[in-house]
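Student: here's my sequence, what's the structure:
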Amino acid sequence: MSRGPTVFELDDTAADTPATAPQPPEDAPTGAAMQATLAIGRRRMSWLGRMGWGAAAALLGMALSLAAWDFVTGLLARNPTLGWVASALLVLVVLACLGVALREWAGFRRLRRLDDLRQLADSARADDNRDTALRLVHRLSALYASRPEMRWHRDRLAELAPDQSDAQGLLHLAETTLLVPLDKAARAEVEATARQVALLTAMLPMALVDVAVAMAANLRMIRRIAEIYGGRAGALGSIRLLRGVVAHLLATGAVAVGEDMLGSVASGGVVSKVSRRFGEGLVNGALTARLGIAAMSVCRPLPFEAAQKPRTGSIVSTAVSGLFDRG
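Tutor: Now for the predicted structure:
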């Protein structure tokens with residue numbers, strides 16, 4: 001006689017299994033590297049600190065100049081041949097310093113020219129003055145006169161400008177004809193930098209290193225965006241631009257997570273379940289994209305009116321898709 005299957009009841013069955021156990025708690029990525037970069041950019045020195053550092057720099061420059069002068073004159077007294085060699089080297093150092101100072105001055109002057117164009121555009125739009133708008137169109141066209149790739153766009157603007165009867169039409173025409181091609185180049189620069197920051201944050205294991213990398217990449221991006229719009233700046237001008245961009249973010253309330261960044265942050269949270277570093281990199285890339293959009297708004301000769309302002313989510317999606325593009 002065969003016996004059927006027997007079922008044994010186990011009282012000590014575990015409530016959870018490895019498959020059903022909850023995941024260990026993990027904080028959502030915050031983009032620490034870019035948050036540190038924004039904190040550095042928004043930091044302003046007091047007038048007492050500026051006066052102290054300025055006096056220290058002047059004193060150090062005076063000490064180095066006197067030391068170099070005493071060294072050269074003493075060497076001339078001991079060995080005229082080596083003294084003249086040292087004198088020539090000192091002259092080269094002075095000329096190099098003057099060249100750097102002139103380059104920085106020219107960079108600040110180019111940035112000032114962009115500020116003047118924006119103020120002129122605001123005045124023409126507020127007063128609805130066609131003559132002011134026409135003067136702005138001429139100055140804007142002259143700004144890109146030395147760039148061969150802008151020749152067709154400048155000719156097109158000169159051809160269509162006389163047909164516009166009001167200031168608003170002239171401003172819209174100048175924006176769509178001259179600035180939209182530059183917007184595409186600036187957007188490509190923002191996408192490339194966001195991709196680079198996201199990738200390097202995911203690959204670099206040390207926190208201080210990714211902060212330095214994010215800082216350098218964003219300074220280079222801001223400098224490149226200013227160059228695209230005709231405001232190429234030097235080292236000091238790039239730092240000034242960074243502070244201006246962060247100030248723009250603070251003024252517009254764009255430092256906090258907004259509507260166009262929710263998707264990127266949510267994606268960063270999902271990715272962080274697989275890899276903490278990749279989730280952090282995605283959020284850093286989103287913050288870099290937001291900083292790049294602010295840089296476009298600050299460096300652009302005209303505000304976004306006729307053309308649509310880029311969105312953070314669109315830039316991040318394009319940047320991340322470029323990581324996996326085999327072409």
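Student: show me where the stretch 51-200 of the chain has helices.
Tutor: For the stretch 51-200 of the chain, the helices defined by DSSP state H, counting those that start in this stretch occupy 80-127, 130-143, 151-160, 167-174, 180-203.
Student: for the ones you listed, give me CSV that also has distance to residue 247 and mean pLDDT.
Tutor: All C-beta spots, glycine's among them, are computed from the backbone N, C-alpha and C. As requested, these are exported to CSV (distance: least, C-beta to C-beta, whole Å; pLDDT from 0 to 100):
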stretch, distance to residue 247, mean pLDDT
helix 80-127, 14, 87
helix 130-143, 24, 88
helix 151-160, 31, 89
helix 167-174, 25, 88
helix 180-203, 19, 87
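Student: nearest to residue 308, of these?
Tutor: Each of those was checked against residue 308 via C-beta to C-beta, and the shortest separation belongs to helix 180-203, namely 9.1 Å.
Student: flag every buried residue along that closest one.
Tutor: 181-183, 186-187, 189-202 (16 or more other C-beta atoms under 10 Å).
Student: can I get the CA coordinates of it in PDB?
Tutor: This file holds the C-alpha atoms of helix 180-203, laid out as PDB (Å, rounded to 0.1, in the frame of the first residue of the first chain):
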ATOM      1  CA  VAL A 180      20.200  81.300 -32.100                       C
ATOM      2  CA  PRO A 181      23.200  79.800 -33.800                       C
ATOM      3  CA  LEU A 182      25.400  80.900 -30.900                       C
ATOM      4  CA  ASP A 183      22.900  79.400 -28.500                       C
ATOM      5  CA  LYS A 184      23.300  76.000 -30.200                       C
ATOM      6  CA  ALA A 185      27.100  76.200 -29.700                       C
ATOM      7  CA  ALA A 186      26.700  77.300 -26.100                       C
ATOM      8  CA  ARG A 187      24.200  74.500 -25.400                       C
ATOM      9  CA  ALA A 188      26.700  71.900 -26.900                       C
ATOM     10  CA  GLU A 189      29.300  73.300 -24.500                       C
ATOM     11  CA  VAL A 190      27.000  72.900 -21.500                       C
ATOM     12  CA  GLU A 191      26.100  69.400 -22.500                       C
ATOM     13  CA  ALA A 192      29.700  68.400 -22.900                       C
ATOM     14  CA  THR A 193      30.700  69.800 -19.500                       C
ATOM     15  CA  ALA A 194      27.700  68.200 -17.800                       C
ATOM     16  CA  ARG A 195      28.700  64.800 -19.300                       C
ATOM     17  CA  GLN A 196      32.300  65.300 -18.200                       C
ATOM     18  CA  VAL A 197      31.400  66.300 -14.600                       C
ATOM     19  CA  ALA A 198      28.900  63.400 -14.300                       C
ATOM     20  CA  LEU A 199      31.400  60.900 -15.600                       C
ATOM     21  CA  LEU A 200      34.400  62.100 -13.600                       C
ATOM     22  CA  THR A 201      32.300  62.300 -10.400                       C
ATOM     23  CA  ALA A 202      31.300  58.600 -10.900                       C
ATOM     24  CA  MET A 203      34.900  57.500 -11.600                       C
END
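Student: other SSEs contacting that helix?
Tutor: helix 32-42, helix 207-228, helix 276-299, helix 312-323 (3 or more C-beta pairs under 8 Å, 6 or more residues apart in numbering; DSSP states H and E).
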